[in-house]
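K.L.:
With the input below, show me the fold.
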Amino acid sequence: MITLRSVDIAAMDKLVRVQFATSLPGIKPVALVGTRDAAGATNLAPFSSVVHLGSNPVLLGMVTRPDVVERHTLANLIETGCWTLNHLHEGIMRQAHQCSARYPKEVSEFAATGLSEHYEDGFAAPFVAESRFRLGLRLAEIIDIPMNGTKLIIGSVEVVQLATTELAEDGSIDLSALGALGSTALDTYFGITPLERLPYAKAR
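P.N.:
Reported below is the predicted structural model:
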C-alpha cells in the first residue's frame, strides 16, 4: 500500500490530479442532465456528482465545475428553474459520454448524439426518451463553494419515471434491472450487480 499526502497530490500534473481526485469517492451514479434555455435551446451534460440530500421533501444535489467558462447547464437551469436527470444504461452509454464534449451553445447535444427529447406537460426541461429512469427537478437553492469556485445546486424532485416492475412496494428501486450505470474519473463506466440486501441495522 502506498501513502499519498496532500503535498504529493498537489505536485501531480493537472490532468493526473483531476483523474485521481475524481476517483477518490469511488463509483458514483452517473446521469445526463437535461436543460433548456428561455429561448428553447436544449443541452445535455453527464454529471456524476448527484447526491441525496433529504426525503421530506425529496431533495437531490449536484456540484458544478468552477464557473470560469460558460456553463450551459448552469445558465439554463437558472433561467428556467428546472432540469432533468436521466440515468444511463449500456445502450446509451457512448452517446451519453459524447455529451461531455465541449459543444458550442447553439449545438444541442441531443442532435449531436442522436438522443431524443421527451417532454412532460408543465415541465420545461427535456427528458432523454431512451433513458429507463428519469427524474424532473425544480431549483430550490444554489450554494457557492468559494474555496474552489464550484456550486452545489439543490433541486426538489417533481417527476419520477421508470417501469412499474422496477419499483417495489417498499419504495426501493431495482437499479440493477434498469441496467443503471456508475462511473469514476470522468471516463470509466461500471455496471451494477447487487450482492445482498441486509435488514435495517439496530444496536446489539
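K.L.:
Next, the distance between the ends of stretch 138-157.
P.N.:
From its first residue to its last, stretch 138-157 covers 7 Å (CA to CA, to the nearest Å).
K.L.:
Each with direction, which strands does the helix or strand residue 137 falls within pair with?
P.N.:
Here residue 137 is covered by strand 133-145, with elements defined by DSSP states H and E. According to DSSP bridges, strand 133-145 forms sheet pairs with strand 82-87 (antiparallel), strand 150-162 (antiparallel).
K.L.:
Distance to residue 4, mean pLDDT and mean neighbour count for those strands - can I get that in TSV?
P.N.:
Bear in mind the C-beta positions are built from the backbone N, C-alpha and C, glycine included. As requested, these are exported to TSV (distance: least, CB to CB, whole Å; pLDDT from 0 to 100; neighbours: other CB atoms under 10 Å):
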stretch	distance to residue 4	mean pLDDT	mean neighbour count
strand 82-87	32	98	26
strand 150-162	22	96	18
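K.L.:
Nearest to residue 6, out of these?
P.N.:
For residue 6, the closest of those is strand 150-162, at 18.6 Å, according to CB to CB.
K.L.:
What are the contacting residues of the closest one?
P.N.:
Residues from elsewhere that reach strand 150-162 (CB atoms under 8 Å, 6 or more residues apart in numbering): 53, 57-67, 74, 77, 82-84, 120, 123, 127, 132-145, 173, 178.
K.L.:
after it, next one along is what?
P.N.:
helix 175-178.
K.L.:
got the contact list for residue 83?
P.N.:
Contacts of residue 83 by CB under 8 Å, 6+ apart are 33, 34, 35, 73, 76, 77, 125, 136, 137, 139, 155.
K.L.:
Identify the residue spatially nearest to the second one, adjacent ones excluded.
P.N.:
What that stands for is residue 34. Take residue 34 and drop its neighbours on the chain: the residue closest to it by CB to CB, 6 or more residues apart in numbering is residue 84, 4.0 Å away.
K.L.:
Would you check that that neighbour makes contact with residue 127?
P.N.:
Yes - shown here, residue 84 and residue 127 form a contact pair, counting by CB atoms under 8 Å, at 4.8 Å.
K.L.:
Overlap in contacts, those two.
P.N.:
34, 134, 136.
K.L.:
Distance of the spatially most distant residue from the centre of the chain relative to residue 40?
P.N.:
For the chain, the largest distance from the centre (CA atoms, centre = their mean) belongs to residue 204, which lies 37.5 Å off. Separation of residue 204 from residue 40 (CB to CB, to the nearest Å): 58 Å.
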